[in-house]
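Participant: just to be clear, the model below is a prediction. Sequence and coordinates:
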Amino acid sequence: MSAFVHITAYVSHYNFATVLSPFSLVLPFVTSPVDEVLMEVTNLVVLPAVLVFFFLCLHFITKIVNGRKHSNLHLPPGRLGWPIVGETLEFMRTCLEGSMVSFMKERMDKYDSRVFKTSMYGEPIIVFCGPMGNKFLFSNENKNVQMWWPSSVRKLMRLSLVNKVGDEAKMVRRLLMSFLNAETLKNYLPKMDSIAQRHIDTHWEGKEQVVVYPIVQLYTFELACCLFLSIEDPIHISKFSLNFKEFLKGIIGFPINIPGTRFHKAMKAANEIRKEIKVILRKRKVDLEEKRASPTQDLLSHMLLTSDPSGRFMTETEIIDNILLLLFAGHDTSRSVLSLAMKYLAQLPEVYDHVLKEQLEISEGKEAGELLQWEDIQKMKYSWNVASEVMRLSPSVGGAYREAIKDFTYADYNIPKGWKLHWNTGSSHKDPTLFPNPETFDASRFEGAGPTPFSFVPFGGGPRMCLGQEFARLEILVFMHNIVKRFKWDLVNPDEKFKYDPMLEPEKGLPIRLQPSSHF
Ligand code: HEM
């Protein structure tokens, strides 16, 4: 969840605008009968002073309470920072610089430890780094730890999988996986290919310049709408996608539900999305009964007709919340990977040529107009290594969370029950002992046996590993196949940076200049 989920959804940071907005909202109400000077003084001096005093008090109270509570424990090194805010602002800064890993690395070096404590989301958090940390968290699900998401995610995702743990989560995962597994998805591959071709015909063909990030979103969102809900009308899809933009921006942050905050907008958007899915769901029920819809046409039909082993079907609300989760998780993470792939392919002509060669060999073996089949995907080994190297260097999802469900020890440190735990992609993806010259793009790292276990974790791991890994692999490869055959491109802003907000996204949307390929 997804990133992001997906939620990315998954990525861990606050937005400064969200942090400030409740306070900036207060200011207009301080005013009316007061004269302007007094108002200025109030806004500029008194209010900040009151806030500083308030935070100082909270800081000392928190210190005393935490100190008493955990004084006999050997907690991992680190600092909890300011109350509520914790080390959020430092973390946010590194996210906006697109280098979340530097937050981890600075602390691992400072404390000489691969586990440290910090505080974010108003919560003390213990950060587990490197393959050992990943392995521990992934293999201790339901034993020492359980999935946990920040409150903003939990509130927005209601009854969906991300709010389930234990046996309930297992059940929902099994149900969703019966649609998202390779065996089922392979039937939808030709459809994915035709959507990719139509997308390129509409949005790329005949253009000299395009802005990649928003356009790729149309592709990944169109795929998700079509395969999950059978929505095919482009106008319907683009209207629907507006609500997801609001939703994404509010998913990670303080869950302050006051008009004007990102979270409030996200809640409103989520309700609109739910309403829309409900209309489609109600109509589908009738269409299925009257045999106007097929039981295998998409995820929605599948969810309406599949029960768990005890014969229980999901309620309408559960289906709606899970489809909302999958629509969100299913497109924003992949669009980030695709945008980054476009960047690296523009910068590394030898990599582009190699991908093109592989894709042309696949096309040469096919009749004109024949769509991609499962066997073709199996031949895209180098292209998938390239996508994997993109995700290693620039993971679209920074990591995810767990909660300690009992007291335990890790690396000789006490981890108290109830503490939130964070695993992250960067601390192992950029470790030179695991990936020599970690900043160099080298797709050959994934040849043969590939990276050591638990060192390459763009999709997480263990029983809560990303459910959409296979879906993402297909949507990424299908897009790469079609785009390299039709275009070569170069970057308008070669130094354009990517930042986490909350997915890894290009600051200016990644404009590129297109040259049509002679191979098409
Ligand atoms: C390149 C694209 C993607 C990346 C990098 C990615 C990454 C992740 C990560 C890191 C997690 C958390 C795993 C953990 O904590 O162990 C996750 C969870 C999840 N992902 Fe993805 N994801 C991607 C695409 C997708 C797609 C396409 C879908 C749906 C079609 C999807 C659905 C989910 C769901 C439902 C979860 C929550 C699983 C649970 O709570 O048990 N993801 N993803």
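Facilitator: Sure thing, it's come through.
Participant: near the ligand, which residues of the stretch 401-520 of the chain?
Facilitator: Among all residues of the stretch 401-520 of the chain, those adjacent to the ligand (criterion: Cβ under 6 Å from any ligand atom) are Pro458, Phe459, Gly460, Gly461, Arg464, Met465, Cys466, Leu467, Gly468, Phe471, Ala472. (Each C-beta comes from the backbone N, C-alpha and C, glycine too.)
Participant: which two among those are spaced furthest apart?
Facilitator: Distance extremes for those: the farthest pair is Gly461 and Phe471 at 17.4 Å, using Cβ to Cβ.
Participant: of these two, who's got more company?
Facilitator: Neighbours around Gly461 and Phe471, counted as other Cβ atoms under 10 Å, are more numerous at Phe471. The numbers are 26 against 19.
Participant: distance of the more buried one from Ser99?
Facilitator: According to Cβ to Cβ, to the nearest Å, Phe471 stands 28 Å off from Ser99.
Participant: got it, and Phe254?
Facilitator: Using Cβ to Cβ, one gets 23 Å for the distance from Phe254 to Ser99.
Participant: between those two, which one's more packed in?
Facilitator: The neighbour count for Phe254 versus Ser99, taken as other Cβ under 10 Å, is higher for Phe254 (23 against 19).
Participant: tell me the secondary structure for that one?
Facilitator: Secondary structure of Phe254, reduced to three states by DSSP: H, G, I helix; E, B strand; the rest coil: coil.
Participant: the chain should start at 38 in everything you say after this.
Facilitator: In the new numbering, first residue 38, that becomes Phe291.
Participant: thought it was touching Ser189?
Facilitator: Yes. Between Phe291 and Ser189 there is a contact at 7.1 Å, judged by Cβ atoms under 8 Å.
Participant: common neighbours of these two, please.
Facilitator: Shared contacts of Phe291 and Ser189 (Cβ atoms under 8 Å, 6 or more residues apart in numbering): Phe300.
Participant: now do the contacts for Leu212.
Facilitator: By Cβ under 8 Å, 6+ apart, the neighbours of Leu212 are Met340, Thr343, Asp345, Met351.
Participant: pLDDT score for the closest residue to the last one other than its chain neighbours?
Facilitator: Take Met351 and drop its neighbours on the chain: the residue closest to it by Cβ to Cβ, 6 or more residues apart in numbering is Met340, 6.1 Å away. Each residue has a pLDDT score; the one for Met340 is 96.
Participant: surely Met340 forms part of a strand?
Facilitator: No. Secondary structure of Met340, determined by three-state DSSP: helix, with no strand assignment.
Participant: that one: neighbour count?
Facilitator: Taking other Cβ under 10 Å as the criterion, the count of residues near Met340 is 23.
Participant: any idea how far the ligand is from it?
Facilitator: Remark: distance between Met340 and the ligand (Cβ to the nearest ligand atom, to the nearest Å) = 13 Å.
Participant: same deal with Phe491?
Facilitator: Computed with Cβ to the nearest ligand atom, the distance linking Phe491 and the ligand is 11 Å.
Participant: again, but for His236
Facilitator: Between His236 and the ligand the distance, using Cβ to the nearest ligand atom, works out to 16 Å.
Participant: element containing the closest residue to that residue other than its chain neighbours, please.
Facilitator: What sits nearest to His236 in space, not counting adjacent residues and going by Cβ to Cβ, 6+ apart, is Tyr256, at 4.6 Å. Here Tyr256 is covered by helix 249-266, with elements defined by DSSP states H and E.
Participant: re earlier: give the buried subset of the contacts of Leu212 as a PyMOL selection command.
Facilitator: Of the contacts of Leu212, the buried ones can be selected in PyMOL as follows, counting by 16 or more other Cβ atoms under 10 Å:
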select buried, resi 340+351
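Participant: show me the helices in the stretch 38-187 of the chain, by range?
Facilitator: Taking DSSP state H, counting those that start in this stretch as the test, the helices found in the stretch 38-187 of the chain are 53-63, 73-78, 84-107, 125-133, 137-148, 167-176.
Participant: the ones you listed: lowest mean pLDDT?
Facilitator: Per-stretch averages of pLDDT across these put helix 53-63 at the bottom, with a mean of 31.
Participant: picking up where we left off before, for the residue nearest to Met351, what are its contacts?
Facilitator: When the contact criterion is Cβ under 8 Å, 6+ apart, the partners of Met340 are Leu212, Leu213, Phe216, Met351, Ile356, Asn359, Ile360.
Participant: neighbours around Val169, how many?
Facilitator: For the record, residue 169 is Met, not Val. Summarising burial for Met169: neighbours were counted as other Cβ under 10 Å, giving 15.
Participant: hmm, back to that, and the helix holding Tyr256, how far out from the chain middle?
Facilitator: Going by Cα atoms, centre = their mean, to the nearest Å, the spacing between the C-alpha centre of helix 249-266 and its chain's C-alpha centre is 15 Å.
Participant: who does it touch, helix- and strand-wise?
Facilitator: Using 3 or more Cβ pairs under 8 Å, 6 or more residues apart in numbering; DSSP states H and E as the contact criterion, the neighbours of helix 249-266 among helices and strands are helix 226-240, helix 271-287, helix 336-342, helix 353-384, helix 506-523, strand 541-543.
Participant: so, in contact with the ligand or not, that helix?
Facilitator: No. Counting by Cβ under 6 Å from any ligand atom, the ligand has no neighbours in helix 249-266; the shortest distance is 6.9 Å.
Participant: ok and that helix relative to helix 353-384, angle-wise?
Facilitator: With axes from the mean of the first three to the mean of the last three Cα atoms, to 10 degrees applied, the angle from helix 249-266 to helix 353-384 works out at 140 degrees.
Participant: model confidence over helix 249-266, on average?
Facilitator: Predicted confidence along helix 249-266 averages 96 (mean pLDDT).
Participant: quick one, that helix and helix 506-523 angle?
Facilitator: Going by the same axes, to 10 degrees, helix 249-266 makes 130 degrees with helix 506-523.
Participant: all good on my end, thank you.
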